[in-house]
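> One predicted model, sequence on top.
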Amino acid sequence: GQQVMQIPQYQHVQEGEDFTTYCNSSTTLSNIQWYKQRPGGHPVFLIQLVKSGEVKKQKRLTFQFGEAKKNSSLHITATQTTDVGTYFCAGPDSGGSNYKLTFGKGTLLTVNP
Amino acid sequence: DVKVTQSSRYLVKRTGEKVFLECVQDMDHENMFWYRQDPGLGLRLIYFSYDVKMKEKGDIPEGYSVSREKKERFSLILESASTNQTSMYLCASRQGDNEQFFGPGTRLTVL
């Protein structure tokens, strides 16, 4: 079945350092979504990318969708303690139920102040 | 403010008990989902529903069943709780291929 892989699984940075998490799908995706889960919280939607090669920015966060629409990345510039959490990517299921998302296992980011 | 609510934040049950986890959304979404989240395993889909009375198995349906009698409500049932079902359970809803909204989660402990 469809697989969505995320690396790294964990990342610890000093406050002010940059951070990147990568997402790779075994199948071509029509779109990709990113979610953030704060410690003790639930996943919250960040953004959706649809077009091949698309780049979107939200303040210090930059999201990219690969040209082949099989990979994506989330880059955070100059991390802050408020960035702590687990970042998930998710793509529509390739089996026909495209309202069902396949989630990566997430990257847990910790930030040392 | 759109919402997905879950009946309990914390729940403690005994092995063999029947457990009901309730989820309600107020966004008139067609699609609703139940996940469990365990450290290192990410979000695993248990069941989902794309319409009232319609359901489909997710990746780990064994030991669980679901009920969706009304559009806004999606229930997860553990017929006979076991210790390996101790986990965080997250409900979510979604309309089409738009963003997915999650509830706050229920942390279930089975003793």
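Arrived safely.

> In the helix or strand containing B:Tyr89, which residues are buried?
Counting by DSSP states H and E, the element that carries B:Tyr89 is strand B:87-94. Residues B:87, B:89-94 are the ones in strand B:87-94 that count as buried (16 or more other CB atoms under 10 Å in any protein chain shown). C-beta: built from backbone N, CA, C; applies to glycine.

> how close does A:Asn24 get to A:Gln2?
Noted for A:Asn24: a distance of 12 Å to A:Gln2, by CB to CB, to the nearest Å.

> So between the two, which is more surrounded?
Counted by other CB atoms under 10 Å in any protein chain shown, A:Asn24 and A:Gln2 do not tie: A:Asn24 has more neighbours, with 16 against 13.

> Wait, that one touches A:Asn71, no?
Yes - counting by CB atoms under 8 Å, A:Asn24 touches A:Asn71, with 4.8 Å between them.

> what does chain B put close to chain A?
Residues of chain B lying close to chain A by CB under 8 Å from any CB of the partner chain are B:30-31, B:33, B:40-43, B:45, B:48, B:50, B:56, B:58, B:90, B:94, B:96-105.

> can you do 7 Å?
With CB under 7 Å from any CB of the partner chain as the criterion, chain B meets chain A at residues B:31, B:41-43, B:48, B:50, B:56, B:90, B:94, B:96-97, B:99-100, B:102-105.

> what about A:Lys105, is that helix, strand or coil?
On the three-state scheme (DSSP: H, G, I helix; E, B strand; the rest coil), A:Lys105 is labelled coil.

> which ones are touching the residue lying closest to it once chain neighbours are set aside?
The shortest distance from A:Lys105 to any non-neighbouring residue, by CB to CB, 6 or more residues apart in numbering or on different chains, is to B:Gly42 (3.5 Å). The contact partners of B:Gly42, by CB atoms under 7 Å, 6 or more residues apart in numbering or on different chains, come to A:103-106.

> Of those residues, which is the nearest to A:Thr77?
The closest of those to A:Thr77 turns out to be A:Gly106 (CB to CB; 20.4 Å).

> is it true that that closest one touches A:Ala90?
No - judged on CB atoms under 7 Å, A:Gly106 makes no contact with A:Ala90 at a distance of 10.0 Å.

> lowest confidence element among the helices and strands of chain A?
Across the helices and strands of chain A, mean pLDDT, DSSP states H and E gives its lowest value to strand A:101-103, namely a mean of 93.

> who touches that one?
With contacts defined as CB under 7 Å, 6+ apart, strand A:101-103 is touched by A:2, A:4, A:33, A:88, A:90-93, B:42-43, B:100.

> Listing partners with orientation, what would you give for it?
If you go by DSSP bridges, strand A:101-103 pairs up with strand A:85-92 (antiparallel).

> ok so, going back, tabulate the contacts of strand A:101-103 (a markdown table), appending pLDDT and distance to B:Thr109.
What follows is those, written out as a markdown table (pLDDT from 0 to 100; distance: CB to CB, whole Å):
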| residue | pLDDT | distance to B:Thr109 |
| --- | --- | --- |
| A:Gln2 | 77 | 32 |
| A:Val4 | 94 | 29 |
| A:Gln33 | 97 | 31 |
| A:Phe88 | 97 | 24 |
| A:Ala90 | 96 | 28 |
| A:Gly91 | 93 | 32 |
| A:Pro92 | 91 | 33 |
| A:Asp93 | 82 | 31 |
| B:Gly42 | 92 | 20 |
| B:Leu43 | 95 | 19 |
| B:Gln100 | 96 | 26 |
